[in-house]
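In: Need a 3D model of the sequence below.
(one chain, ligands or ions: 1)
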Amino acid sequence: MTQDNLRDDILHHLKFTVGKDPGHASSYDWRLALSFALRDRIVEPWFASTRKTWKEDRKRVFYLSMEFLIGRIVEDAAINLGLQDTARAALAELGQDFDALADDEPDAALGNGGLGRLAACYMESMATIGCPGYGYGIRYEHGLFRQRFEAGRQVETPEDWLTQRHPWEFERPECAYTIGFKGDVHEVDGRAVWTPGETVIASAYDMPVVGWQGRWANTLRLWGAMPTTLFDLERFNRGDFTAAAEPETLARTISRVLYPDDTTYQGKELRLKQEYFMASAAIQDILRRYLESHEDLSQLDEHVAIQLNDTHPALAGPELIRLMVDEHAMEFDTAMRIAQGCLGYTNHTLLPEALERWSTWLMGTVLPRHMQIIEMIDAAHATAHPDRPASVAIVRGNEVHMGELSFIMAHKVNGVSALHSGLVKSTLFHELDALHPGRIINVTNGITPRRWLRLANPGLADLISETIGEGWEADLDRLKGLEPHADDAGFLDRFMAVKRANKAAVSNWVSATLGVTVSPDAMFDVQVKRIHEYKRQLMNVLETIAQWHEIKKNPGGDFVPRVKVFGGKSAPGYAVAKEIIHLINDVARVVNNDPEIGDRLKVVYPPNYNVSMAETLIPAADLSEQISTAGKEASGTGNMKLSLNGALTIGTLDGANVEIREHVGAENFFLFGMTAEEVVQRRKNVNHARMAIEANDALRDVLQLLAEGRFSPEQPDRYHGIVDRMWHHDHYLVASDFADYQRAQAEVDAAFLDRDRWARMAALNTARMGFFSSDRSIRDYMRDVWGAESAL
Ligand code: 26W
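Out: Residues are numbered from 1 along each chain as shown. Just a heads-up that it's a prediction; the model follows:
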C-alpha cells in the first residue's frame, strides 16, 4: 500500500463517500475519508479470517460483555495495518495533519472503566493472535456521560458519539432477532411455551477488529434496539403524534444509554432488560451461525466457547437452555451439560454491593420462562449435590444470585489476578469451590501494547525498536532485551528524554486547558481511574494536604517538586465519591494559587478522564498511584499501563500490583500498607480509625484543617462528613495505612532526587512488563478455558 494509493483512496472517499469537495472539507470530513480508506484495507483480511474459520470449522470464541471501552479507532487501525507513517505522509500531501484528524474523533465510550477496557484490549489481542473471536455487546446511543466541573463539583452531560457519522461500523439490518419480555408461559403437550407480552428487535452493527500487522480481523457485533411495530400512522393522522412514535421510543430505550455505575448493583428493570436483550440476541446469533454448518446442537460445546464478562451477560446461560429445550426439543440435562461445556465466567469484583441479585419477582415478571429454567438449574444442582449448603443456592431470599448462577453454569470460573482468584476461592465462592474443585482458575489481566505503548508513547516505542529491534509489539516478553541497557547511561538519558518530552507535552496541554502552569521537571504523580472509596483517592489528597502543610510550615525547606495529577469519573449517584472529587478540586484551587508553594506542589484534575486522555497522561507519569485497600482491587489494569510506560509504582499488595512487583523486582516498586489478611484483622478493631489518627499528628492536623473549612471558606462545614467518617468509620482504612503511605512517599522523593537510580528503576519496569500483555492473557484463556487455537 503506497502513499500514492492511500492518498488517492482518501481523496476518492472524500468525494464519493463523504461527498465533499477537498476545497471545502472540514477536519471531520477528512477524518471520515481517512477512516473509510483505512477500513477498506481491513475488509480483505476480515473476509479471509471469516472464510478460514468456516472452511476449517474452527472453534469460535464469543466474548459477551455489557461494556466495550474502545476509545478512538482511526490511529489504532492505521498502526495495526502498518500504515501510520504512510497515512501521515499521504495526508500531508493533501494539506492535512494526521494527529489533528485523530484528535477530532470522539471516543467510543461504551464502558465505565476496567471491565469495559479489558474487553476492548482482549478483542484486539484475539485478532492479533488469530483466535476466531466475536465480541457481543450493546450499541448504546449514549456512552459514558461527559464529566465537567462546576465550582469543583462533577456535573454529567449526555455523551453523543453517534450524532456524528460512525465510519467503523457496518449496519446489518438483515441480522435481526426478536427479543421477548414479560407475558407468560403455558404448558402445551408437555412442552413449555412462552408468549412474551412485549417484544423488540435486536439489529446488528458490525465493527471489524484488526490485529497487529493486519493478518487477522474479528468482528465486534453490537446490538441496537428497534421497534417490532412500525410507526403508528393511524394515530399520527389522528394527531396523536407522541403516541404514534411511542413504540419506537420505547424500543430504543433498551439500547439508549450505558448504565454509568461500576460499583453498585441498582436492580433496575431497564438494566435487566438490557442484559437479556444483549444475551438473547447473542445466543440466537451463535445458534443460527452454528446450525448453518452443523446438523444439530449436540456437539455445540466442541465448537463454541462463550465467555461471560462478569455476571452482567449471565442470562445467556438460561437462554441457551431455553432455546435448546423449548425450540430444539433437547432434554434439560443434555442441554445443561452442553451449555456448561460452552460457558466460562470471569469475576471482576468482590465488593458485595457490586454483586448482582435480581428479585425473583422482577425476574419472574420480566422473564417468566427464564425464572423457571433458573429454578430447574438450581434444583438439578441441589440434586447432584444433596449436601450442598443453602448459601450456594442460586435462588435464596427471594433473590436470584447471578454469581452463583454463573458459577454453576460454567465449566471454568476465573478471577483476574492471582491474589483476587485466591480470594474468589477462599471467600466469595468458598463453598462452591469445595463442591467443584478445580473449576476456579486464575487468568491475570493484561493490556494491549499496541494501543498502550506503540500508539500512546511513540517516543518510547521508537527507542525500544532502535534498541532491541522491531516486532516486540506482538511479543512483549522481548522487552526483557532492554534489561542490559538499564545500566547504559546513554540509553537511560534517551529513556528519560522521552519521558521529559511527554511531560512537556502534558504541561502545555494542562496550561492550555486548565490554565495551570506545571513544570515538566517536577515529579508527575498520577492517579487516574474511576473514583471509588476503595481506590482511596481520599488518602492521596489527604497526603497532598499534609505535603502542602509541611511546605507552609517550613517554606525554606527543600522539597521535591510534585505535580499531583488526578483523573476519573464518579458514578452519578455515588455521593461520597462526588465529595472526594469536590475536595480534590478545592485543594487544587488553594495549592495552585498559593504563592508560598510556587512550583513545589501543583494539583491538576482535568475533567472527563477517558481512554484518549489516558493515552496522553500515562506516558508522562513518573509515579503510578495504586493505593487501594488490599483485597479490594480485583486486578487493576492502569497499573500495568503506567509501569509499561516507565512509571514507578507506589502501591499496596493488592490485585495485580502483587504480580507487577514480582516481575519488575521489589527494589523497583514502592510498597506500603497492610496486606489483605492484615486488613481483615485491622477491621476487627472498632477503634482502628481513631487510634490511627491520634497516632499521626500530620493526619490529625489535616483533618483539623478540613474541619475548619480551610479548603472551603465559602462553606466551612463542607467536609465535615468526610472528617466524621474518617474518625468513626474509615471502612477502607485510610488512617491505618496513612503513616506507611507517607513513609513510602518519602522514599519516592529520595529516589527521584537520584536521577540515574530513578531512570534505571523506570527502565527496568518497562523491560519487565512483558507478562502483562493481553496477548498472554488471551493465550491463557485459549488454553485453560476455551480450548481454542490460533488460525494463523
Ligand atoms: C452492576 C454494576 C457494576 C458494573 C460494573 C458492577 C461492577 C462492574 C465491574 C465489574 C467493575 C469493574 O470494572 N471492575 C474492574 O475490572 C477490572 C478488569 O478486570 C479490574 O482490573 C479492576 O480491578 C476491577 O475493579
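In: If you count neighbours, what's buried in stretch 751-760?
Out: Residues 751-752, 758-760 are the ones in stretch 751-760 that count as buried (16 or more other Cβ atoms under 10 Å). All C-beta spots, glycine's among them, are computed from the backbone N, C-alpha and C.
In: Please write out the alpha-carbon positions of that stretch in CSV.
Out: Written as CSV, here are the backbone C-alpha positions of stretch 751-760 (Å, rounded to 0.1, in the frame of the first residue of the first chain):
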residue,chain,number,x,y,z
ALA,A,751,14.7,8.1,44.8
PHE,A,752,13.6,10.8,42.5
LEU,A,753,16.4,13.0,43.6
ASP,A,754,18.8,10.3,42.4
ARG,A,755,18.1,10.7,38.7
ASP,A,756,20.3,7.8,37.5
ARG,A,757,18.8,5.4,40.0
TRP,A,758,15.3,6.5,39.1
ALA,A,759,16.0,6.2,35.4
ARG,A,760,17.3,2.6,35.9
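In: wait, what's in contact with the closest residue to the ligand within the stretch 51-200 of the chain?
Out: Closest to the ligand within the stretch 51-200 of the chain is G114: 2.7 Å, counting by Cβ to the nearest ligand atom. Residues in contact with G114 (Cβ atoms under 8 Å, 6 or more residues apart in numbering) are 262, 348, 529-530, 634-638.
In: Would you check which of these are in contact with the ligand?
Out: 262, 348, 634-637 (Cβ under 6 Å from any ligand atom).
In: Which members of the buried residues of stretch 751-760 define the maximum pairwise distance?
Out: Within the buried residues of stretch 751-760, F752 and R760 form the most distant pair, 12.7 Å apart (Cβ to Cβ).
In: The nearest residue to G709 once chain neighbours are set aside: what secondary structure?
Out: Excluding its sequence neighbours, the residue lying closest to G709 (Cβ to Cβ, 6 or more residues apart in numbering) is P716, at 2.7 Å. Reduced to three states with DSSP: H, G, I helix; E, B strand; the rest coil, the structure at P716 is coil.
In: gap between the two ends of stretch 172-191?
Out: With Cα to Cα, to the nearest Å as the measure, stretch 172-191 spans 33 Å from end to end.
In: Just the buried residues of it, please?
Out: 175-177, 179-181, 183.
In: Filter those residues down to the ones in strands?
Out: Residues of the buried residues of stretch 172-191 located in strands (DSSP state E): 175-177, 179-181.
In: sorry, back to before: and the residue of the stretch 51-200 of the chain closest to the ligand, how far is that from N585?
Out: Using Cβ to Cβ, to the nearest Å, G114 is found at 24 Å from N585.
In: Equivalent analysis for L355, please.
Out: Counting by Cβ to Cβ, the gap from L355 to N585 is 32 Å.
In: rewinding a little: L300: which of the buried residues of stretch 751-760 is nearest?
Out: Nearest to L300 among the buried residues of stretch 751-760: R760, at 53.3 Å, using Cβ to Cβ.
In: one step back: out of the ones next to the ligand among the contacts of G114, flag the one nearest to A244.
Out: Distance to A244 across the ones next to the ligand among the contacts of G114 (Cβ to Cβ) is lowest for D262, with 37.3 Å.
In: isn't the closest one right up against L144?
Out: No: D262 lies out of contact with L144 (Cβ atoms under 8 Å); the separation is 9.4 Å.
In: want to throw the ones next to the ligand among the contacts of G114 into CSV with distance to N687, neighbour count and secondary structure?
Out: Output for the ones next to the ligand among the contacts of G114, formatted as CSV (distance: Cβ to Cβ, whole Å; neighbours: other Cβ atoms under 10 Å; DSSP: H, G, I helix; E, B strand; the rest coil):
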residue, distance to N687, neighbour count, secondary structure
D262, 32, 22, coil
H348, 33, 21, coil
A634, 29, 29, coil
S635, 32, 29, coil
G636, 30, 26, coil
T637, 36, 25, coil
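In: List the residues that contact whichever residue of the stretch 651-792 of the chain sits closest to the ligand.
Out: Closest approach between the stretch 651-792 of the chain and the ligand, counting by Cβ to the nearest ligand atom: G655, at 5.3 Å. With contact taken as Cβ under 8 Å, 6+ apart, G655 is in contact with 416-417, 419-420, 626, 628, 633-636, 639.
In: Assumed A192 was part of a strand.
Out: Yes: counting by three-state DSSP, A192 is found in a strand.
In: how much space between it and F181?
Out: 17 Å.
In: Find the residues that touch each one of D262 and L144.
Out: N112.
In: returning to what we had before: closest one of the ones in strands among the buried residues of stretch 172-191 to E75?
Out: Within these, the smallest distance to E75 is 28.8 Å, found for C175 (Cβ to Cβ).
In: Once you drop chain neighbours, what's closest to the closest one?
Out: Nearest residue to C175, sequence neighbours excluded (Cβ to Cβ, 6+ apart): A204, at 3.9 Å.
In: In contact with that neighbour, which residues are there?
Out: A204 is in contact with 171-172, 175-176, 221-224, 281, 285, counting by Cβ under 8 Å, 6+ apart.
In: Identify the bridge partners of it.
Out: R172, W223 (DSSP bridges).
In: what's the spacing between it and T128?
Out: 24 Å.
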